[in-house]
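> what shape does this take:
(2 chains)
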Number of protein chains: 2
Amino acid sequence: MSSNAQVRIDAECGAQSAATSIPLPTHWYHFLPDLPVALPPVKDELTPSAAEVAQRVRPAALLAQDRPADQWVPIPEPVADRLRHIGRPTPLHRARALESALGTGAHIYLKREDVLPTGSFKLNSAVAQAYYAAEEGRTTLISETGAGQWGMSVALAAALLGLDSEVFMVRCSLAQKPYRRHYMELLGATVHASPSPDTKFGQQLLARNPEHPGSLGTAISDAIQFALDFGPGAAYLSGSGVPHVYLHQTLLGLEVQAQLAALEEPIGVPGRGDHLIACSGGGSNLCGLVGPFLKQAGDQGRDLRLLAAESTAAPRLTAGRYQYGRSDLAGFTPEVLGYSMGPDFVPPPVHTAGLRNHHSSSTVSLLRHEGLLDAVAIEEKRALEAGRLVLRTEGFLLAPESTHAVAAAIEVATRAKEADTDPVLVVLASGSGLLDLQSYGEVLLGSGR
Amino acid sequence: MSSNAQVRIDAECGAQSAATSIPLPTHWYHFLPDLPVALPPVKDELTPSAAEVAQRVRPAALLAQDRPADQWVPIPEPVADRLRHIGRPTPLHRARALESALGTGAHIYLKREDVLPTGSFKLNSAVAQAYYAAEEGRTTLISETGAGQWGMSVALAAALLGLDSEVFMVRCSLAQKPYRRHYMELLGATVHASPSPDTKFGQQLLARNPEHPGSLGTAISDAIQFALDFGPGAAYLSGSGVPHVYLHQTLLGLEVQAQLAALEEPIGVPGRGDHLIACSGGGSNLCGLVGPFLKQAGDQGRDLRLLAAESTAAPRLTAGRYQYGRSDLAGFTPEVLGYSMGPDFVPPPVHTAGLRNHHSSSTVSLLRHEGLLDAVAIEEKRALEAGRLVLRTEGFLLAPESTHAVAAAIEVATRAKEADTDPVLVVLASGSGLLDLQSYGEVLLGSGR
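So this is what the prediction gives:
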């Protein structure tokens, strides 16, 4: 029927208010051809190979989307309908009250993924992946989750498409975050602690250490093992780190482009130091935002900088080594070249589980290695203080991961003030912090567990 | 500047999607003159009188709004700006997937107050009250809260207006719901447990019982006592039960009227059994929704029914007596005529703190007494099951209070199916359940505390 889905853009807040509308993008954008050099080859030497594993457990349509024939990939209408249903396009919010509190002339825009029903941008790819899985007759979505945001999105996408879901959640997170488990279970998901007694891989780990706390690496391994053993109805989905997820998340950058155009706000103006800023864990919110802007960022006549905000707890992009490594423990995924803390690195137990990866994706790492991407490591307390400032000024609470991007933006705005420039800063508000109030309380209010 | 704030209306979900837009209403609607008979007089016989107390602690502009000269009360532009800033108008969501799951021909619309940044409709009145308090030079907002939704709204409204806030929260809720406390404290609010050692009233209660769990009655008394002793900078605010709050909440019904008109969806069609449905605690979301429709509902040529969903834990409208009573314990508020469980009634400890009042507001009670308002008592588990169904079909999680209205709507839709009619049902989704996942978990998933 009609597809005139509209979104309110808070162009101004406080004393003045203006709004404009954009339609949902009709295509995703395959930005890998815009990288300055080709992605380095993966190492895939185990048996079975990671490629073989992927072909068994991932929907074929998604593997095809890792290397689309055209850069513009049409969004199937049923996926577009789901994206509108969950609230896309999301608002691009001009944070005037925050600007005013900072005393900056910078224009700070927050891309509000926190308003999606699962409270994070992860849902964008989950609904697309669930659609392709259902189209191929698969009955059961299987995935891993660290803090729970991706698992919540998989569980909701499965429910909306009438599919089952099985989610392997890092054991220590599962104990700390019962709310996210409840949410998944209400949707009908089966939630497993990882290491899991329900997989061969998990059984081996638990035999050596019955109290194993788990990690994203164990959870990925458990989920793929479970999918391999499940049979043909299984669809293993990733929340980040693979090209088709980045493709789905390009909605972020594409919507921002259309929204800035609708606001008549140019970006990349020479001499002004305009920035696109996102936190970086697995890289999907960062790549989704900056991917559609890569040509502009590489254009010498423009001045558009890309900035990744990482956690000082896992400072791969600012302090890691460029080396091969993999994200799972069992060897189901290939080794990729990326900035890494090394395979044995155990990050301190910060609240921002989404930024605790030990190894960066090859795409993000390549952008960094080629000098297209700046990076800054933000300490957790400073990040959450930036989140508190957004709450007090703008009225919404962001996820701890997202507050790293805000803190980075505040740093850029402060430097711009000293340099007497007024840049445009687009900050990806990747998620909501309502289910992270315990973390805010512990770090900023000194509340005990 | 421009005031063309737009809102997306999800007219259809799933396979089709359409959208339309309405502007923010320019006026609130004073509906009390539309009541079939005048409100009965209050009893105000103590010293100081409740009227004197109100004049000392409440902003004068708000007391004036209890009896406005005109039925249409202009919304001051700074308040309108704040209302747009927090996301008004909110969507009117056609719940087609829910309809489909129910196998009903009814058109079920959810008025989505859950998307507001504090997660409930309470914020609508908080921003208005904070504005008038600031205009009168008051520095500190003082109020009570049961489960925390109103307190969160007061704390956010204070922060957005640059005011301080002091919130008295029922002691047992404060212990059970640390997230809501953290939220208020992040905003700079001082949160007191009630009974509070910081007021004379609270000191007296604690002297008799140091472990007093508190109630909404103790919290109102503590807050008013604190405001009386605070001095001229104090502004005591109510979240429900008083006419100016109902006035501010008429945005709900006014937006629904404009949204249904934009969708070309008539309501009140004879023979169809159309309904407006809201849960009822203090009555503000119910009155805000139905107030602008009272003339229609009283029109014999139309067929528009108003339905209050209450909790079986405090079934005042379905099983209470019509008698005088008051909402606080200290005698700071007047006695009003309303349906009541009696002053000594202690409701069982259900999760829906917003529906545990022992005494109904005089406005809601009058509507019921005059036969304009139907009522149904919903058992907590059935309500939360309705909430789970909305989550699985539509993708968003409603507050336990709101799920009582959904359960009532499902009951109406089921009866309509038997009667072979396809009514329009507008259900007020008064709040988000993300911070109530523990309640869902305990009741539906059998998780322990």
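
> need the distance between the two termini of stretch A:341-361.
This stretch, stretch A:341-361, spans 12 Å end to end (Cα to Cα, to the nearest Å).

> same thing with stretch A:47-65?
Across stretch A:47-65, the terminal residues are separated by 24 Å (Cα to Cα).

> what lies in contact with that stretch?
Surrounding stretch A:47-65, the residues in contact under the criterion Cβ atoms under 8 Å, 6 or more residues apart in numbering or on different chains are A:30, A:42, A:44, A:73, A:129, A:132-133, A:135-136, A:138, A:142, A:224, A:227-228, A:234-237, A:243-244, A:247, A:331-334. To be clear about C-beta, it is placed using only N, CA and C from the backbone, and glycine gets the same treatment.

> please apply the same query to stretch A:29-43.
With contact meaning Cβ under 8 Å, 6+ apart, stretch A:29-43 is reached by A:50, A:65, A:68, A:70-73, A:243, A:246-247, A:250, A:253-254, A:287, A:291-292, A:294-295, A:298, A:324, A:334-337, A:362-363, A:366-367, A:370, A:372.

> what average pLDDT does it get?
Across stretch A:29-43, the average pLDDT comes to 96.

> one more: stretch A:255-267?
Averaging pLDDT along stretch A:255-267 gives 97.

> list the buried residues of it.
Across stretch A:255-267, burial judged by 16 or more other Cβ atoms under 10 Å in any protein chain shown covers A:255-260, A:262-263, A:265, A:267.

> out of these, who's nearest B:Gly433?
Of all the buried residues of stretch A:255-267, B:Gly433 sits closest to A:Glu255, with 27.7 Å by Cβ to Cβ.

> who touches the strand or helix carrying that closest one?
If you go by DSSP states H and E, A:Glu255 is part of helix A:251-262. For helix A:251-262, the surrounding residues in contact (Cβ under 8 Å, 6+ apart) are A:9, A:20-22, A:25, A:27-29, A:83, A:88-90, A:92, A:109, A:111, A:113, A:121, A:124, A:266-267, A:276, A:285, A:288-293, A:424, A:426, A:428.

> am I right that A:Val191 sits in a strand?
Yes: the assignment for A:Val191 (DSSP: H, G, I helix; E, B strand; the rest coil) places it in a strand.

> now do A:Phe345, the pLDDT please.
pLDDT for A:Phe345: 87.

> do the same with the one 10 residues further on
As predicted, A:Leu355 sits at a pLDDT of 88.

> who touches it in this structure?
By Cβ under 8 Å, 6+ apart, A:Leu355 lies in contact with A:279-281, A:310-311, A:313-314, A:401, A:404.

> in strands, which of those residues appear?
In this view, those that belong to strands under DSSP state E are A:279, A:310-311.

> considering these, which possesses the most neighbours?
A:Cys279 (31 neighbours; other Cβ atoms under 10 Å in any protein chain shown).

> show the model's pLDDT score for A:Asn4.
Confidence score, pLDDT, at A:Asn4: 34.

> please apply the same query to the one 5 residues further on.
With respect to pLDDT, A:Ile9 has a value of 38.

> could you chop chain A up by domain?
Per the record, chain A has its domains at A:27-71+A:121-243, A:77-119+A:252-444, by automatic domain parsing.

> how about a markdown table for those domains, with distance to B:Ser196 added?
Output for those, formatted as a markdown table (distance: least, Cβ to Cβ, whole Å):
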| stretch | distance to B:Ser196 |
| --- | --- |
| domain A:27-71+A:121-243 | 29 |
| domain A:77-119+A:252-444 | 21 |
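
> ok, which of those comes nearest B:Gly148?
Per Cβ to Cβ, nearest to B:Gly148 of those: domain A:77-119+A:252-444, 10.9 Å.

> got phi/psi on the closest residue in space to A:His107 that isn't next to it in sequence?
Closest residue to A:His107 apart from its sequence neighbours, by Cβ to Cβ, 6 or more residues apart in numbering or on different chains: A:Val424 at 4.8 Å. Per-residue torsions, A:Val424: phi -90, psi 130 (degrees, to the nearest 10).

> OK, contacts around A:Val424?
For A:Val424, the contact set (Cβ under 8 Å, 6+ apart) comprises A:106-107, A:109, A:260, A:265-267, A:269, A:272, A:274-275.

> ok, and the closest non-adjacent residue to A:Ala407?
A:Ala386 (4.0 Å).

> mind checking the SS state of that neighbour?
Classification of A:Ala386 by three-state DSSP places it in helix.

> pretty sure it sits against A:Glu401.
No: the pair A:Ala386 / A:Glu401 is not scored as a contact, 11.9 Å apart, by Cβ atoms under 8 Å.

> more crowded one of the two?
Set A:Ala386 next to A:Glu401 and count neighbours by other Cβ under 10 Å: A:Glu401 wins out with 31 against 25.

> looks like the more buried one contacts A:Ala429 (just checking).
No: if you go by Cβ under 8 Å, A:Glu401 and A:Ala429 don't touch, sitting 10.0 Å apart.

> quick one: buried residues of stretch A:231-239?
Buried-residue list, stretch A:231-239, by 16+ other Cβ under 10 Å: A:234-239.

> same thing with stretch A:414-425?
By neighbour count on 16+ other Cβ under 10 Å, the buried set for stretch A:414-425 is A:416, A:421-425.

> can you flag which of those residues belong to helices?
Of those, the ones assigned to helices by DSSP state H are A:Ala416.

> out of the buried residues of stretch A:414-425, which is nearest to B:Leu206?
Within the buried residues of stretch A:414-425, the smallest distance to B:Leu206 is 50.5 Å, found for A:Leu425 (Cβ to Cβ).

> what are the bridge partners for that closest one, then?
Assessed by DSSP bridges, A:Leu425 has beta-bridge partners A:Ile108, A:His275.

> roughly how far apart are it and A:Gly253?
A:Leu425 sits at a distance of 15 Å from A:Gly253 (criterion: Cβ to Cβ, to the nearest Å).

> now swap in A:Pro423 and tell me
18 Å.

> picking that back up, may I see the buried residues of stretch A:255-267 organised as TSV, with distance to B:Pro78 added?
Listed next are the buried residues of stretch A:255-267 as TSV, based on distance: Cβ to Cβ, whole Å:
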residue	distance to B:Pro78
A:Glu255	30
A:Val256	29
A:Gln257	33
A:Ala258	31
A:Gln259	26
A:Leu260	28
A:Ala262	26
A:Leu263	23
A:Glu265	25
A:Ile267	31
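
> pick out whichever of these sits closest to B:Ile410.
In terms of Cβ to Cβ, no member of these lies closer to B:Ile410 than A:Glu255, at 35.6 Å.

> can you get me a residue count around A:Gln204?
12.

> assumed it was part of a helix.
Yes: looking at A:Gln204 with three-state DSSP, it is inside a helix.

> got the contact list for A:Ala330?
Shown in contact with A:Ala330 (Cβ under 8 Å, 6+ apart): A:201, A:221, A:224-225.

> who wins for neighbours among those?
A:Ile224 (30 neighbours).

> in which helix or strand would I find that one?
A:Ile224 belongs to helix A:216-230 when assigned by DSSP H and E.

> and the next element down the chain from the one helix or strand A:Val427 maps to?
In the assignment (DSSP H and E), A:Val427 maps to strand A:424-429. Per DSSP H and E, the first helix or strand lying C-terminal to strand A:424-429 is helix A:437-444.

> who's in contact with that following helix?
Here helix A:437-444 makes contact (Cβ under 8 Å, 6+ apart) with A:351-352, A:380-381, A:384-385, A:387-388, A:397, A:400, A:433, A:447-449, B:178-183, B:185-186, B:435.
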